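J.: need a 3D model of the sequence below.
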Amino acid sequence: MPDPLSATEIRDRIVQVYVSVSPGGSLPQQDGQGDLDSMGFLQFIVGIEREFGIKIDVSDLDETNFVSTDSTTVFVRRKLNGGCP
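T.: A predicted model of the protein is given here:
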């Protein structure tokens, strides 16, 4: 079984996915106001699923899970741990 990813590794990979789908390859902003439109957000979600091998359900599409890089890191870590924090 592979070693679990650290929060920093998860965060760095989330940023890479964001940059790959954001207009002009911009970094995510810390204030929660991202550059992604609705199609960009869907590409971001698919990118997260592929990058981490997780399934993001419709019920997971809550703003609190994606409002910041930190909240998305917590969300992905929880998904990787089978729903446990």
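J.: mind listing what the nearest residue to T69 once chain neighbours are set aside touches?
T.: Nearest in space to T69, with sequence neighbours left out and distances taken as CB to CB, 6 or more residues apart in numbering, is P28 at 5.2 Å. Every C-beta, even on glycine, is put in place using the N, C-alpha and C of the backbone. P28 makes contact with V15, Y18, S22, G34, S68, T69, according to CB atoms under 8 Å, 6 or more residues apart in numbering.
J.: which SS state does P28 fall under?
T.: coil (DSSP: H, G, I helix; E, B strand; the rest coil).
J.: from here on, count from 342
T.: Okay, using 342 as the starting number, the last item reads as P369.
J.: contacts for the helix or strand V356 falls within, please.
T.: Applying DSSP states H and E as the criterion places V356 in helix 348-362. Applying CB under 8 Å, 6+ apart, the contact partners of helix 348-362 are 346, 366-369, 375, 377, 381, 384-385, 388-389, 392-393, 410-411, 413-414, 417-418, 421.
J.: mind putting the contacts of P369 into TSV with neighbour count, pLDDT and distance to D398?
T.: Formatted as TSV, these follow (neighbours: other CB atoms under 10 Å; pLDDT from 0 to 100; distance: CB to CB, whole Å):
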residue	neighbour count	pLDDT	distance to D398
V356	15	93	23
Y359	23	94	20
S363	17	91	24
G375	19	73	21
S409	16	89	21
T410	20	91	21
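J.: which of those residues sits closest to L402?
T.: Closest approach between those and L402, by CB to CB: G375, at 14.5 Å.
J.: that concludes my questions; thank you for your assistance.
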